[in-house]
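K.L.:
sequence unknown, structure follows:
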């Protein structure tokens, strides 16, 4: 329900996040606020419009449109206020109060928290919040976490790359983590509906750009850190620092950290919240013999259908028997993280074990993540789009007597250094590698393919590999070629785009779903496919 809020008092309350005391064209502003948004096109009557500086244009340029749509206040910086002074006549009644703060982006999240009543530290009832970050595995771990919570009888919400879900209602998601006003409005909706728990993917972009500002997670989880997004962060050290900011008392109450790589071990040692550590890949921490033993360790790994069964062994003697039905040993890590995060939230181990035994939650299908389209040949669509994820995916599907045929490219206008690295990974772990287009955005597709293929060709030549490297485009033709080359005992991996249904080329979104294209190609070449019921956008 709308409620009166004094914007100056609210901004003063969030203090350093907004900077020095805000000012504007009204000395005191008390208005009835129903929401806050960064997008002038989505303003509803009663909203605060946050006019932020952008890469090309300042949001203040769109303030008149926001005002006409019913914005009751404009939150901006000095540059935005200057734009408004140039474009709006003094005393213009159309323009709502303008509130100026030094860093409006950092003020938006905490202000949204107040507007939507998400006062987690004030003892208000609300869903238990889980947040998962890391380079790879966020989506699958979040789905696993959600499935385990549902198996425990909890009513749940989900915020992530593939969808946003509040109970039974699902909404397609454009960002891994939405902007902070939407995050807070979703949390308010979940609270109003009486949901017990909410699981959220927290990307480095979300942390860097304040999309989870004002949110404090009950349990934060860390998967791993490998090369990705250096176009934004510059260095791995800076990338790590952004991820590590989730594991502070400002953003979380407790944490579960996978310590299979040195970054995880370092994070566990430096986080200023209580941490449970999990080791799922013994031997991965080469050179870290002095590291303390993990609180939980994966043992007794066995194949179970396409997936694996394993035991989580606690340092104090507790044991949990877990099964993961999804292909790939890396999904053991995702399942282990989800399990221990639920334990860290206070659920007794015996309740977790009963839910694992009765409901098999980690066999839930995750759209575009090791998603099986056919069994003969084994044809899989996966989101692997960086060197580490691609290596894990390709290594996990190698079977005796089966060739691996991989299809992938690289995204345009992103970290260029990973392109030849991915090509080399594909050449080492594939029998046939088909280099094609991913999302080129505004880059020349041929230039991107050339960089990926150069890495593959160099690896074949310098390492004496037997991989056959092909270049086929557009992507649908590459998928068809992979199927045409496959026998029933082979494995086809279509990597890089996962659940995505649009390919962006020169500003135009072209309809392209790897799962649909793979199903069509398999059928066209006389192979059987699995039910399409699980293929969703």
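P.N.:
Noted; the coordinates are in hand. Here the structure is a predicted model, which means the values were calculated and not measured. Residues are numbered from 1 along each chain as shown.
K.L.:
Surely residue 403 and residue 433 touch.
P.N.:
No - if you go by Cβ atoms under 8 Å, residue 403 and residue 433 don't touch, sitting 11.3 Å apart. Backbone N, C-alpha and C define where each C-beta goes, glycine included.
K.L.:
a strand runs through residue 200, doesn't it?
P.N.:
Yes - secondary structure of residue 200 (DSSP: H, G, I helix; E, B strand; the rest coil): part of a strand.
K.L.:
Of residue 403 and residue 433, give the one with the bigger neighbour count.
P.N.:
Neighbour count, other Cβ atoms under 10 Å: between residue 403 and residue 433, residue 433 has more, with 30 against 18.
K.L.:
so the more buried one makes contact with residue 456?
P.N.:
Yes - counting by Cβ under 8 Å, residue 456 is a contact partner of residue 433 at 5.6 Å.
K.L.:
what residues are shared contacts of those two?
P.N.:
Taking Cβ atoms under 8 Å, 6 or more residues apart in numbering as the contact rule, residue 433 and residue 456 both touch 423, 426, 427, 467, 469.
K.L.:
Out of the residues you listed, name the ones that lie in strands.
P.N.:
residue 469 (DSSP state E).
K.L.:
which of the shared contacts of residue 433 and residue 456 sit farthest apart?
P.N.:
423 and 467 (10.3 Å; Cβ to Cβ).
K.L.:
Burial check on residue 237, number of neighbours?
P.N.:
Using other Cβ under 10 Å, residue 237 has 8 other residues around it.
K.L.:
One more: the one 4 residues further on?
P.N.:
Applying other Cβ under 10 Å, we find 13 residues neighbouring residue 241.
K.L.:
That one falls within a helix, correct?
P.N.:
Yes - assigned with three-state DSSP, residue 241 falls within a helix.
K.L.:
re earlier: just name the closest of the shared contacts of residue 433 and residue 456 to residue 374, please.
P.N.:
Comparing those against residue 374 with Cβ to Cβ picks out residue 426 as the nearest, at 20.8 Å.
K.L.:
That closest one against residue 395, yeah?
P.N.:
No - at 11.5 Å, residue 426 and residue 395 do not qualify as touching, with contact defined as Cβ under 8 Å.
K.L.:
more crowded one of those two?
P.N.:
Between residue 426 and residue 395, residue 426 has the larger neighbour count (other Cβ under 10 Å), namely 30 against 15.
K.L.:
What's the per-residue pLDDT of the more buried one here?
P.N.:
Per-residue confidence (pLDDT) for residue 426: 98.
K.L.:
do you know how far it is from residue 441?
P.N.:
Distance from residue 426 to residue 441, counting by Cβ to Cβ, to the nearest Å: 21 Å.
K.L.:
Residue 408 now?
P.N.:
The gap separating residue 408 from residue 441 is 16 Å, by Cβ to Cβ.
K.L.:
Give me the more crowded residue out of those two.
P.N.:
Between residue 408 and residue 441, counted using other Cβ under 10 Å, the more crowded position is residue 408 (29 against 16).
K.L.:
Can you report how many residues lie near the nearest residue to that one once chain neighbours are set aside?
P.N.:
Excluding its sequence neighbours, the residue lying closest to residue 408 (Cβ to Cβ, 6 or more residues apart in numbering) is residue 495, at 4.1 Å. By other Cβ under 10 Å, 23 other residues sit near residue 495.
K.L.:
I figured residue 495 hits residue 385, correct?
P.N.:
Yes - with contacts counted by Cβ under 8 Å, residue 495 reaches residue 385, the gap being 7.2 Å.
K.L.:
that older thread, which of the shared contacts of residue 433 and residue 456 sits closest to residue 258?
P.N.:
residue 426 (25.2 Å).
K.L.:
I'd like to know how far the closest residue to the closest one other than its chain neighbours sits from residue 238.
P.N.:
Take residue 426 and drop its neighbours on the chain: the residue closest to it by Cβ to Cβ, 6+ apart is residue 433, 4.4 Å away. Counting by Cβ to Cβ, the separation of residue 433 from residue 238 is 32 Å.
K.L.:
Next: residue 414.
P.N.:
From residue 414 across to residue 238, the span is 16 Å (Cβ to Cβ).
K.L.:
out of the two, which sits in the busier spot?
P.N.:
Neighbour totals were compared for residue 414 and residue 238, and residue 414 leads with 21 against 15 (other Cβ under 10 Å).
K.L.:
Give me the three-state assignment for that one.
P.N.:
Under three-state DSSP, residue 414 falls in the coil class.
K.L.:
hang on, the earlier thing: which residues do residue 423 and residue 467 both contact?
P.N.:
Contacts common to residue 423 and residue 467, judged by Cβ under 8 Å, 6+ apart, are 433, 456, 459.
K.L.:
Using a markdown table, lay out those residues together with secondary structure.
P.N.:
Output for the shared contacts of residue 423 and residue 467, formatted as a markdown table (three-state DSSP):
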| residue | secondary structure |
| --- | --- |
| 433 | strand |
| 456 | helix |
| 459 | helix |
